[in-house]
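Participant: Return atomic coordinates for the entry below.
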Amino acid sequence: MGAVKKHDRLVKKYLKKTGRLKTLKELEKSLDRKQKKDARKPIKLSFVIKKAPEKVKVEKAQDFSAKKPQTKVRKEPEEKKTVSIPENFIKIAKKFGLPEEHLEFFYTNRDSFQWESKDKTYIHCTAVGCKHTVKISPLCLVDHMITAHNYRDIPCDKINCSYIAYSQKNLALHTIGFHGHGVKPTDFANHTCPYLTCKVSFRFPAQLRRHLNVHENRVLSCNYCLYRNVDSIKVQSHLMIHFQIKRFNCEICSRKFSTSAHLGVHHKRAHSTDDFVCVDCTFATAKRHTLYKHRKSCKERLKHSRIL
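Facilitator: Alright, predicted model coming up:
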């Protein structure tokens, strides 16, 4: 009984401390311990507990002969509703070059496609400063490139190199970048060029394959002019210039550029105050052209040359 009284005191103290006065009042009424055990009234429930009825198992006589085989009722397929396509949509579809047998599909799902106009049927020359345009067709800019920009096939005269340049400028870039001074070798460059006259090695096999593509003139060509390159990304950038697609925006001056490289050069020239630093020595300059001049005679760079 002492433990019960102690428990009751703790409960009263807790209710009083937490401010539950109504609950405390009801508790004090129910804990009137001055009454005798015989005088206490039995607790009456507000509901009656009844025993659950027992389950009665009903045995049914199974008459297999009375069962009939169930037959599945096949639903007849509904007739396909014909969709009437408006004439305006047919005109637009012809402009976009959609096949006639798929017009119904494109019309019913027209909200799921992003439509772009093909009214711009002119292609631009990629030469710097040239504003020549011509109606698009295969090899449409070849004659213009030959007459205006002196494009022609010029084979490389180096040993074990079958590369054919498309202009004098392209040949100069090929000679400097491919047969010129090498880069600083690394410990991970384990893939060596099989040509003995070419002392170069790469870290990854893909870099070596690209290098051999230049050796053997395995290039990707433009469908509209004489441009060609072994790198598919550079060919795509070239096509963006053809069609004046400018997806790279400058966040500062909102100018648009066709390639990320052009955007990077614009940032350094127009919006950056950082100096141009040589990657082989500590030379730094504020002008990009001065850095190019320094790179031609940089002693640290020429230490790793393959042609000196």
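
Participant: So, low pLDDT: which residues of the chain?
Facilitator: 1-4, 32-52, 56-82, 96-97, 112-120, 182-185, 306-308 (pLDDT under 70).

Participant: starting at the chain centroid, how far to the longest helix along it?
Facilitator: The longest helix of the chain (DSSP state H) is helix 2-17. Centre-to-centre, helix 2-17 and its host chain are 67 Å apart (Cα atoms, centre = their mean, to the nearest Å).

Participant: same deal with stretch 287-303?
Facilitator: Centre-to-centre, stretch 287-303 and its host chain are 37 Å apart (Cα atoms, centre = their mean).

Participant: re the thing from before, buried sites along the longest helix of the chain?
Facilitator: Using 16 or more other Cβ atoms under 10 Å as the burial criterion, the residues of helix 2-17 that qualify are residue 15. Where you see a C-beta, it was placed from the backbone N, CA and C, and this is true even at glycine.

Participant: and what of stretch 262-278?
Facilitator: Residues 262, 263, 266, 276 are the ones in stretch 262-278 that count as buried (16+ other Cβ under 10 Å).

Participant: Check which helix or strand the second one maps to.
Facilitator: Secondary structure assigned from DSSP states H and E places residue 263 in helix 260-266.

Participant: Contacts for the next helix or strand after that helix next, please.
Facilitator: Sequence order places strand 276-277 as the next helix or strand after helix 260-266, per DSSP H and E. Here strand 276-277 makes contact (Cβ atoms under 8 Å, 6 or more residues apart in numbering) with 268, 283, 284, 285, 286, 287, 288, 290, 291.

Participant: got it, and stretch 223-233?
Facilitator: 123, 125-126, 136, 138-142, 145-146, 151-153, 166-167, 210, 213-214, 218-222, 235, 238, 242.

Participant: of all the contacts of strand 276-277, which two lie farthest apart?
Facilitator: 268 and 283 (16.3 Å; Cβ to Cβ).

Participant: Regarding residue 146, which helix or strand does it belong to?
Facilitator: helix 142-149.

Participant: Spatially, what comes nearest to residue 151 if we skip its sequence neighbours?
Facilitator: Leaving out its chain neighbours, the residue that sits closest to residue 151 by Cβ to Cβ, 6 or more residues apart in numbering is residue 145, at 3.9 Å.

Participant: Return the residues in contact with that neighbour.
Facilitator: Applying Cβ under 8 Å, 6+ apart to residue 145 gives the contacts 125, 127, 151, 225, 226.

Participant: Nearest spatial neighbour of the last one, chain-adjacent residues omitted?
Facilitator: What sits nearest to residue 226 in space, not counting adjacent residues and going by Cβ to Cβ, 6+ apart, is residue 166, at 4.3 Å.

Participant: what are the ranges of the helices in the protein?
Facilitator: 2-17, 21-30, 87-96, 103-108, 142-149, 168-179, 205-215, 232-242, 260-266, 288-296, 299-302.

Participant: Turn those into JSON lines, columns for distance to residue 254.
Facilitator: As requested, these are arranged in JSON lines below (distance: least, Cβ to Cβ, whole Å):
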{"stretch": "helix 2-17", "distance to residue 254": "67"}
{"stretch": "helix 21-30", "distance to residue 254": "70"}
{"stretch": "helix 87-96", "distance to residue 254": "30"}
{"stretch": "helix 103-108", "distance to residue 254": "35"}
{"stretch": "helix 142-149", "distance to residue 254": "31"}
{"stretch": "helix 168-179", "distance to residue 254": "31"}
{"stretch": "helix 205-215", "distance to residue 254": "35"}
{"stretch": "helix 232-242", "distance to residue 254": "18"}
{"stretch": "helix 260-266", "distance to residue 254": "12"}
{"stretch": "helix 288-296", "distance to residue 254": "23"}
{"stretch": "helix 299-302", "distance to residue 254": "37"}
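
Participant: which residue is nearest the centroid of the protein?
Facilitator: Nearest to the mean C-alpha position of the chain, counting by Cα atoms, centre = their mean, stands residue 247 at 14.8 Å.

Participant: In this model residue 240 seems to touch that one, though I could be wrong.
Facilitator: Yes. Using Cβ atoms under 8 Å as the test, residue 247 is close enough to residue 240 to be in contact (7.5 Å).

Participant: For these two, list the residues in contact with both.
Facilitator: If you check residue 247 and residue 240 against Cβ under 8 Å, 6+ apart, the residues they both contact are residue 258.
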